[in-house]
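Just to be clear, the model below is a prediction. Sequence and coordinates:
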Amino acid sequence: MKKNLKVILLFLIPLFFSCDSKSKSDTSIPHNPHSIFEHLSNNNLDRHQKIEILNDAYRTSSKMKSDSLKNSLLVEISYQYLKYEDSLEFLRVNKEANELSITLKDSSAIAATFWDLGDYYDAKNKVDSAYFNYHSAQKIYEANRDNFNSARLLLTMAIIQKNIKDYTGSEVTTVQAISLLKPLQKHKQLYSAYNNLGIIFNELEEFDRAIFYHEIAWEQLIKSESPELIPLALNNMGVVYSNQKNYKDAIQNFQQGLEHKNLYQSNPKLYAMLLDNLTYAKFKSKDAAAELPDLFYKALKIRDSLQISSGITTSKLHLAEYFLDKKDTLKGIEYARQAKQLSSQSNNYKDFLSSLLILLSAEKDSALAYSQEYIRVNDSLQKGERAIRNKFARIRFETDEYISETERLNQRVIRISIIAIGLILISVLLYIIKDQWSRNKLIKQKKAANQEIYNLILEQQRNFEEGREKEKQHISRELHDGILGKLLGVRLSLDSLNEEDTPAIKKKRFNYIEEIQNIAEEIRLISHRLNKVSLVDVDFKTVLEELIEKQNRGKIKFRLDVNPSIKWDSIDDDIKINFYRIIQEAINNIHKHSESTEALVQFAKIGNQLILKISDNGKGMGQMHTNWGIGLKNMKVRAKNIGGDLEIIQGNYRTQGSLIKLTVKL
Amino acid sequence: MDKIKEINMLMVDDHHMILEGYENVLSRSKIKDIQLNIDKADKCDLAWVKIGSGNYHIVMLDINFPISEGSKFLSGEDLGIKIKQEYPAIKVIVLTVLEDSFRLNNILDNINPDGFLLKGEVTAKKLIHCIEAVITSPPYYGSRISKLLHSRATHKFSLDKTDRVILYQLSLGTKTKDLPEHVNLSLRAVEDRKKKLKDIFGVKNEGNNALLEKARNSGYI
């Protein structure tokens, strides 16, 4: 996890600072965080210097925007503070990182901060706080299905549980961790888990099972290729054998551990432990060849030099046992007392109790006092452990409750989200439907306008057709009856005048020849009319002409004046039909209310603007009454429909009448 | 010395030029033993008034007149019918520009004129000849009318007025199923008549067009 974080961080930081250095190239940032973590890995610096670097990095981070970049930097800084044991700064930065992570809802960062805090409390030996934080982190990983980190934390928690002698709890937790780790093939962690089980059963004095688990642990260890862990594994196994009084196998394990390459240099603590355990096993197996008690001293000396209090007390207890066995009661009691004092100081209750047990049997006269103290300490110890175990149980329970609460909240959030998405979808759908509807409406409107114009023109065409038909009949009749009749008359007359040749008759004949000329002229006129009839072409203008023509049956004289440059075919039907209806409306109003004698409908085109003017010489719209109002409203609505501008001008310059002006952009 | 017969004649036509033509022809032509007294009228109503007051032997009648409001005569045909009803002694000569067989047939049926000429075929000689014939041995028909009468004779026993209406309506484009409106017969009866017509014209298994073609050739339409 921490490795992952760091990888992300190293990846992100150059990006961030490359942008930043562009914008702030002059205002030098004290330290580039990227280099900070490189500096920290430099072993030449002492702890104080490293903490200074971290302080700088923290100051830099405080200038950053509160985003995930800053958050990952904070998480890393807090981890580094923990690593270099600056409690105050760690707690501060850890808290800040935790809060920011929560704000950013970065669950893995939240878990990381809990984990760090758990490590901090673990180091401080505040097991309940440590357990609480580990547990919190573990639950987040579990929710995130991060099985590996979840298992690592379970393992850490299992070890804490084991340390407070909650063996059953620890076993359960360990098994949980194993079930997660097995599919992941994480051998090193599996080793730790089985090792923990081995230790648990050793403590429960079920040595066969302990050995069984240690052997599985050993297999995992071999697979994990972590040679540095081999001596410890050997030691743990040796301890079980030792407790089983199988000193032969115990000695073999301890010796093998000690023979591990460079162990003394790399891990003197473990070396001392192995040496002490080996010596003790040899002492117990009555090995005459062993250099006793020099080997005990040797182990003690190493532990002394490292100031490992628990190790020192163990060594001294072993020495006390050795000397008492050798009947050197004085020395034995002396070591036991030293062990008692030291373990008491370091709160090492286990060794304290062991030292009491030794003293109990060695100093017969103080036995009662020792046994009383033993019982008191043992009781309080058990009480304390029980209290912590209860606390752990409570932590688990509360976290579970917290999680079910979170789940409930999450479910509510999901429910609300689904409802919100549903609502959004519905509104989007409604919008689409409405849009489609209005688009359809527009299309329908256009179609209707088209149809209306078409109908008008069709009607007009029908009228014309009828007129043409009538005219044709009329012409035909005129030709048939009129011309033929006249020709017949002339023919008959000339026929009868043919015989004679008097001057009077000649003159008469001349008259008939002239008459033929008249008939020819008549034929010419009819032919011309026939031509006109067949040439009629109906368009919007003819429709307008017809409309105006119809108005002239009344008293008011209407005139139409259309600019011939207007190309009616290229004008939208919607515009034409609305113009037509507006003219109809205006004409109606003129008929009903204007009391005028003349009216003029004019069409003009200026640029891309079509202008309609309807004027009359009536009484104007001064005393407008309601009927007028409705007519005007209709006209205004129609004008608006085609994006036109309708003006009503009172008393135009020529007359006292009214003027309606409609302007539409084409 | 033969006795000169005096004949009073009324010419009815809306065209003055025609009346003038008739007058020119008749005033210059001598018909044996006949003295023609010519009178003119350019409207049916005026003609009817004159006929009522005068003593005419012959009325020369045009069919088409401009429609005048309030007149009881829609055409010369009406006037002709009226004359034949009221004054059967007056001889009627119809002179018309009409060429439509249906109308001509109707005029023959309704007026049964003593002389019948189409204006198109009229010449000065023919006109004189016609009047002469009407006075001495009516009737006199022009060649067109004679042909029409001939075809009537051919189909005399088969074609009545209803048949002619059916043919006429068909020629106007009226559909068979709409014919009952015009002839006051059931559709079934109309179809029977149509079948009979096809039989008569020898187009038994052909369509309406063949029937109309034949009827047109025979001068029925």
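Good, I have the coordinates.

burial measure for residue A:219, as a count.
Neighbourhood size, residue A:219 [other Cβ atoms under 10 Å in any protein chain shown]: 14. Just so you know, the C-beta spots here come from the backbone N, C-alpha and C atoms, and that holds for glycine as well.

for the helix or strand encompassing it, packing partners?
Using DSSP states H and E, residue A:219 sits within helix A:207-224. With contacts taken as 3 or more Cβ pairs under 8 Å, 6 or more residues apart in numbering or on different chains; DSSP states H and E, helix A:207-224 sits against helix A:187-203, helix A:230-243.

Quick check: residues of chain B near chain A?
B:13-22, B:24-25, B:27-29, B:64, B:97, B:119-120, B:122-124, B:127 (Cβ under 8 Å from any Cβ of the partner chain).

6 Å instead?
B:15, B:17, B:18, B:20, B:21, B:24, B:25, B:28, B:64, B:97, B:119, B:124 (Cβ under 6 Å from any Cβ of the partner chain).

how close does the third one sit to residue B:100?
Spelled out, it's residue B:18. Noted for residue B:18: a distance of 20 Å to residue B:100, by Cβ to Cβ, to the nearest Å.

So between the two, which is more surrounded?
Set residue B:18 next to residue B:100 and count neighbours by other Cβ under 10 Å: residue B:18 wins out with 29 against 11.

and residue A:612, how many neighbours?
The number of residues packed near residue A:612 is 21, by other Cβ under 10 Å.

Assumed residue B:94 was part of a strand.
Yes: counting by DSSP: H, G, I helix; E, B strand; the rest coil, residue B:94 is part of a strand.

Number of residues surrounding it?
26.

ok, now which ones touch it?
B:61, B:113, B:116 (Cβ atoms under 6 Å, 6 or more residues apart in numbering or on different chains).

Mind checking which of those residues land in strands?
Mapping the contacts of residue B:94 onto strands (DSSP state E) picks out B:61, B:116.

I'd like the contacts of residue B:94 written out as JSON lines, with pLDDT and neighbour count added.
Output for the contacts of residue B:94, formatted as JSON lines (pLDDT from 0 to 100; neighbours: other Cβ atoms under 10 Å in any protein chain shown):
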{"residue": "B:61", "pLDDT": "91", "neighbour count": "27"}
{"residue": "B:113", "pLDDT": "91", "neighbour count": "26"}
{"residue": "B:116", "pLDDT": "91", "neighbour count": "26"}
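
which one of the contacts of residue B:94 is nearest chain A?
Nearest to chain A among the contacts of residue B:94: residue B:61, at 13.9 Å, using Cβ to the nearest Cβ.

mind listing the strands for chain A?
Going by DSSP E, chain A shows strands at A:557-562, A:598-606, A:609-616, A:645-650, A:658-665.

Pull out the CA atoms of the first one and give them to me as PDB.
This file holds the C-alpha atoms of strand A:557-562, laid out as PDB (Å, rounded to 0.1, in the frame of the first residue of the first chain):
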ATOM      1  CA  LYS A 557     -62.700  51.700 -53.800                       C
ATOM      2  CA  PHE A 558     -59.800  49.400 -53.200                       C
ATOM      3  CA  ARG A 559     -56.600  49.500 -55.100                       C
ATOM      4  CA  LEU A 560     -53.700  47.100 -55.100                       C
ATOM      5  CA  ASP A 561     -50.100  48.200 -55.800                       C
ATOM      6  CA  VAL A 562     -47.500  45.400 -55.900                       C
END
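
Give me the contacts around that strand.
Defining contact as Cβ under 6 Å, 6+ apart, one finds that strand A:557-562 is touched by A:541, A:544, A:548, A:551, A:552, A:598, A:599, A:600, A:601, A:602, A:603.

what do you get for the second one?
Outside strand A:598-606, the residues within contact range by Cβ under 6 Å, 6+ apart are A:556-563, A:566, A:590, A:611-617.

Recalculate using a threshold of 8 Å.
A:544, A:548, A:551, A:556-563, A:565-566, A:583, A:587, A:590, A:610-617, A:655 (Cβ atoms under 8 Å, 6 or more residues apart in numbering or on different chains).

one step back: quick one: the helix holding residue A:219 to helix A:230-243, angle?
170 degrees (axes from the mean of the first three to the mean of the last three Cα atoms, to 10 degrees).

in chain B, what spans have low per-residue confidence?
Counting by pLDDT under 70, the ranges of chain B that qualify are B:1-3, B:153-159, B:217-221.

Go again with 80.
B:1-4, B:29-33, B:66-71, B:99-103, B:148, B:150-161, B:164, B:199-206, B:214-221 (pLDDT under 80).

all helices for it, in order.
B:16-28, B:44-53, B:76-86, B:101-110, B:124-136, B:143-154, B:161-172, B:180-183, B:187-200, B:208-217 (DSSP state H).

Could you pick out the residues of chain A near chain B for me?
Counting by Cβ under 8 Å from any Cβ, the residues of chain A near chain B are A:477, A:480-482, A:484-486, A:488-493, A:495-500, A:515.

sorry, back to before: TSV for the helices and strands packed on helix A:207-224, including mean neighbour count and mean pLDDT?
Formatted as TSV, the helices and strands packed on helix A:207-224 follow (neighbours: other Cβ atoms under 10 Å in any protein chain shown; pLDDT from 0 to 100):
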stretch	mean neighbour count	mean pLDDT
helix A:187-203	23	92
helix A:230-243	22	91
